[in-house]
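Student: Sequence first, then the predicted structure, then my questions.
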Amino acid sequence: FVHVPEGRFWFGSTASEEIRKWQSAAPAHRLRTPGYLIAREETSFAEWIGFLEAQPAEQRERLLPLVTSGFWGTMALQPVNGPGAPAWELTLQPTQHPYVVRTGEKLRYLDRERHAEVDWMRLPVSGVSWEQAGAYVGWLSSTRKVPGARICKEDEWERAARGADLRLFPHGDSLAPVDANFDESYGRKARAFGPDEVGSHPLSRSPFGVDDMVGNVFEIVASTRAPGEILMRGGGYYYDAASCQSSNRNVIQPTDRAPTLGFRVCADAPDGSAKRP
């Protein structure tokens with residue numbers, strides 16, 4: 001985790017009203033956040049599986065990542081029986097080609113020259129909803145694995161992504177294919193689309209040292225502008241650079257799930273500075 005101290009920053013976009021409306025971005029204005037903690041990386045499949053294995057068997061089914069249809073592909077995580085220790089199987093179909101891997105195997109993307117072989121346990125967990133992510137952070141907090149764990153608020157997320165200035169992306173105002181995992185990263189080839197291991201793109205590391213806040217998978221956050229509103233932030237592997245700008249805000253529903261949607265964990269600062277006025 002990274003500790004972000006109490007401070008002020010620029011929230012929103014300086015773009016025209018027409019562009020901001022398309023991005024659902026707020027007009028640029030100054031905000032203050034109390035101190036808080038934010039995970040350096042998106043929550044991974046390995047971390048989610050650790051959560052699943054700690055749950056009673058009758059609870060696991062409702063917590064399994066699953067997307068059976070949708071424009072952005074399909075995916076499923078399932079336990080499998082076999083000799084030896086229990087295993088897990090991931091089926092991921094970002095576009096036209098399904099990838100199927102089990103515990104101990106590598107996922108090998110077709111039509112990629114970089115990041116072609118990945119440890120799927122290190123991929124960001126996806127196919128989980130706001131409600132499922134809430135169960136995960138509640139477990140982290142109640143077991144004291146991460147005291148005060150919770151889903152990030154959007155002002156916390158944006159400050160950790162941009163620092164104090166109005167940069168478009170965590171590392172500056174331009175996004176090159178090698179900087180992050182978005183639609184141009186692997187030549188827009190259908191069989192090359194898919195998430196990368198968390199932390200694979202240090203060139204787009206944020207001013208606070210946080211990874212993957214641009215591209216890879218969108219991240220679920222809580223709105224601070226409309227009570228009860230849920231958002232996704234940061235862009236994903238199937239989206240263009242404009243969709244990955246740090247000020248973009250896309251409203252989702254509590255049960256929405258997609259292969260391009262994950263989350264990271266925030267937590268209250270241990271010194272109590274996270275208390276809001």
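Tutor: Noted; the coordinates are in hand. If you're wondering where the values come from, they're calculated on a predicted model, not measured in any experiment. Numbers count the residues shown, from 1 in each chain.
Student: those helices in the stretch 151-277 of the chain, which residues are they?
Tutor: Remark: helices assigned in the stretch 151-277 of the chain by DSSP state H, counting those that start in this stretch are 154-162.
Student: Could you list the low-pLDDT ranges of it?
Tutor: 271-277 (pLDDT under 70).
Student: ranges for the strands of the stretch 51-200 of the chain?
Tutor: In the stretch 51-200 of the chain, strands defined by DSSP state E, counting those that start in this stretch lie at 66-67, 74-80, 87-93, 99-102, 107-108, 117-118, 149-151, listed in chain order.
Student: Out of the ones you listed, flag the one nearest Ala57.
Tutor: The closest of the strands of the stretch 51-200 of the chain to Ala57 is strand 74-80. By C-beta to C-beta, the value is 9.6 Å. Where you see a C-beta, it was placed from the backbone N, CA and C, and this is true even at glycine.
Student: Show me which residues of the closest one are buried.
Tutor: Under the neighbour-count criterion of 16 or more other C-beta atoms under 10 Å, strand 74-80 has 74-77, 79 buried.
Student: Present the strands of the stretch 51-200 of the chain as TSV; the columns should include distance to Arg188.
Tutor: Shown next, in TSV, are the strands of the stretch 51-200 of the chain (distance: least, C-beta to C-beta, whole Å):
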stretch	distance to Arg188
strand 66-67	22
strand 74-80	20
strand 87-93	17
strand 99-102	18
strand 107-108	19
strand 117-118	19
strand 149-151	31
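Student: any idea which of those strands is most buried?
Tutor: Greatest average neighbour count among these goes to strand 149-151 (a mean of 21), per mean count of other C-beta atoms under 10 Å.
Student: Now do that one: which elements does it pack against?
Tutor: Here strand 149-151 touches helix 130-142, strand 218-222, strand 265-268, going by 3 or more C-beta pairs under 8 Å, 6 or more residues apart in numbering; DSSP states H and E.
Student: In a markdown table, list the ones you listed along with mean neighbour count.
Tutor: Listed next are these as a markdown table, based on neighbours: other C-beta atoms under 10 Å:
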| stretch | mean neighbour count |
| --- | --- |
| helix 130-142 | 18 |
| strand 218-222 | 25 |
| strand 265-268 | 22 |
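Student: Let me have those in CSV, extended by distance to Pro34.
Tutor: CSV is the format used below for the helices and strands packed on strand 149-151 (distance: least, C-beta to C-beta, whole Å):
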stretch, distance to Pro34
helix 130-142, 18
strand 218-222, 15
strand 265-268, 9
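Student: on that earlier part again, for the strands of the stretch 51-200 of the chain, which one sits closest to Arg20?
Tutor: Of all the strands of the stretch 51-200 of the chain, strand 149-151 sits nearest to Arg20, with 24.5 Å by C-beta to C-beta.
Student: sorry, back to before: I'd like to know which of the helices and strands packed on strand 149-151 is closest to Asp173.
Tutor: strand 218-222 (20.8 Å).
Student: And the closest one, what does it pack against?
Tutor: On a contact count with 3+ C-beta pairs under 8 Å, 6+ apart, strand 218-222 meets strand 149-151, helix 154-162, strand 230-233, strand 261-262.
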